[in-house]
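Undergrad: Next come a sequence and a model predicted from it.
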Amino acid sequence: MKFEAPKGTHDILPSDALWWRVVREIEELLPLYGYRRIQTPVFEDTALIHRTSGEGSDIVQKETYTFTDRGDRSLTLRPEGTAPIVRAYLEHGLHREPRPVKLFTIATMYRYAAPQRGRYREHTQLSAEAIGSADPAIDAELIQLYDELLRRLGVTAYEVQLNSIGDRNCRPAYVQRLNEWLDAHAEVLDEDARSKRATSPLRVFDVKNERVLEALRDAPKIGESLCDECREHFDQVRSCLGAYGVRYRLEPTLVRGLDYYTRTTFEFKDTATGAAEDTICGGGRYDGLVEELGGEPTPAIGFGAGLDRLDLALEDAGVTAEPERLDAFVVADEKAPLLPLLAELRRAGVSVDLDYAGRSHNAQMKHAQRLDPRRIVVVEGETATIRERAKEDVRVPLEQLVVTLRP
């Protein structure tokens with residue numbers, strides 16, 4: 001029997017240098033903004049996912065992996081990162097820490113959908129959440145953070161789309177206006193749009209049908225119905241983005257697909273391919289979610305960014321990455337006497353390896369050349385010869401090897 005990865009999943013190999021570069025950049029960048037790493041379980045109580053995503057959402061209706069375990073508990077593989085992080089925030093008392101509490105995770109998410117380029121049923125996502133601040137400046141900071149990640153990685157063909165969808169005070173009046181328009185233009189809606197409208201009128205803007213989307217451009221826009229507080233908040237977000245130098249485009253139909261979003265919403269679109277599935281990052285403010293899960297009213301904002309789609313955006317941009325290389329490969333006829341030396345080199349921060357396949361001296365040299373380390377160290381007796389490309393060989397006593405190779 002031949003086993004393969006399940007449909008809609010893929011293996012990430014050591015040779016996928018671009019992928020691992022993205023991970024390293026994230027791990028270096030997020031702490032610079034004060035974000036700390038968190039890891040939540042791969043599955044959650046089904047009620048948590050249903051309550052936060054919305055019973056009528058596409059996620060709950062079509063995409064969740066839900067199962068009953070042996071204790072007759074209903075569990076769901078996490079489809080996104082925000083709700084589990086907020087659950088952990090409340091469960092472990094993080095809400096008692098100085099605010100905002102800034103958290104991030106790089107984790108696998110699960111959605112049952114037709115696999116396509118850059119879209120997998122198991123996908124890896126960066127989730128970044130800032131919980132406990134209503135300051136518009138933190139909305140802008142989070143958007144600038146991802147903009148900075150793209151800059152560091154070398155992605156230039158993208159667009160930031162921005163909108164405000166109001167809050168529980170001003171949105172009901174808008175929803176009434178939207179429903180009146182939809183009633184008067186029912187003929188422009190397809191089955192998908194009608195289904196989305198039945199669960200939440202705002203979701204009609206999430207349809208994929210280009211004909212329907214074109215017709216919806218004439219529908220009332222949420223930006224026309226913002227209350228004074230929401231309008232002031234949005235104006236300040238835009239002002240802060242201007243101060244950061246982040247370019248964006250206002251998109252009045254950008255609503256996002258989950259029930260918990262309020263006020264600021266944003267997406268980063270890959271403009272290099274022109275593909276329909278071009279969103280590489282999406283997020284927004286969710287000021288009611290913590291309260292929905294049993295906490296005190298708490299403002300918050302976050303985003304989710306798929307690493308698979310970002311990886312494709314990097315490929316489309318022609319960005320490359322060098323595979324990780326050993327600092328040194330040791331060629332020697334006897335291993336045992338060198339093991340303490342290898343341990344000392346590694347403690348000194350030198351990545352080093354040697355032959356474990358019983359190769360001859362010449363075969364070890366050929367193997368080392370295929371591995372392409374920064375240096376090949378040939379040990380003969382108590383002497384080491386350090387060979388480095390485009391440089392003359394250096395001979396040192398073994399006892400000086402650590403000092404010579406230490407970064």
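TA: Looks like it arrived, so ask away. Residues are numbered from 1 along each chain as shown.
Undergrad: Confirm for me that residue 153 is in contact with residue 26.
TA: No: under the criterion of C-beta atoms under 8 Å, residue 153 makes no contact with residue 26, lying 9.7 Å away. Bear in mind the C-beta positions are built from the backbone N, C-alpha and C, glycine included.
Undergrad: Count the residues that sit near residue 399.
TA: 10 (other C-beta atoms under 10 Å).
Undergrad: show me what contacts it?
TA: Shown in contact with residue 399 (C-beta atoms under 8 Å, 6 or more residues apart in numbering): residue 382.
Undergrad: Wasn't it part of a helix?
TA: Yes: assessed by DSSP: H, G, I helix; E, B strand; the rest coil, residue 399 belongs to a helix.
Undergrad: Distance check, it against residue 386.
TA: 14 Å (C-beta to C-beta, to the nearest Å).
Undergrad: Kindly report the same for residue 303.
TA: In terms of C-beta to C-beta, residue 303 sits 47 Å off from residue 386.
Undergrad: Pick out whichever of these two has more residues nearby.
TA: Of the pair residue 303 and residue 386, residue 303 is the one with more neighbours under other C-beta under 10 Å, namely 25 against 18.
Undergrad: In three-state terms, label that one for me.
TA: Assignment for residue 303 (three-state DSSP): strand.
Undergrad: ok, it - contacts?
TA: So residue 303 contacts 127, 128, 142, 146, 266, 281, 282, 283, 284 (C-beta under 8 Å, 6+ apart).
Undergrad: same thing with residue 17?
TA: Residue 17 touches 320, 321, 322, 323, 324, counting by C-beta under 8 Å, 6+ apart.
Undergrad: residues touching the residue nearest to residue 244 when sequence neighbours are not counted, list them.
TA: In this structure, residue 244 finds its nearest non-sequential neighbour in residue 144, 4.4 Å apart by C-beta to C-beta, 6 or more residues apart in numbering. By C-beta under 8 Å, 6+ apart, the residues touching residue 144 are 241, 244, 246.
Undergrad: Helices - which of those land there?
TA: Judged by DSSP state H, the contacts of residue 144 include 241, 244 as members of helices.
Undergrad: out of the contacts of residue 144, who's nearest residue 253?
TA: Residue 253 has its nearest neighbour among the contacts of residue 144 in residue 241, at 19.5 Å by C-beta to C-beta.
Undergrad: Tell me how many other residues surround the closest one.
TA: Residue 241: 23 neighbours (other C-beta under 10 Å).
Undergrad: got it, and residue 382?
TA: 9.
Undergrad: same question, residue 357
TA: 7.
Undergrad: rewinding a little: buried ones from the contacts of residue 17, can you make that a ChimeraX selection?
TA: Selecting the buried subset of these in ChimeraX, with 16 or more other C-beta atoms under 10 Å as the burial test, is done by:
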select :321
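Undergrad: In the contacts of residue 17, find the pair that's most separated.
TA: Most distant of those, by C-beta to C-beta, are 320 and 324, 13.9 Å apart.
Undergrad: domains of this structure?
TA: Domain assignment for the chain by automatic domain parsing gives 17-170+226-316, 328-405.
Undergrad: Comparing those, which comes out most buried?
TA: Among the domains of the chain, ranked by average contacts under mean count of other C-beta atoms under 10 Å, first place goes to domain 17-170+226-316 (a mean of 18).
Undergrad: show me where the stretch 151-300 of the chain has strands.
TA: 158-164, 249-250, 262-270, 279-285, 300-306 (DSSP state E, counting those that start in this stretch).
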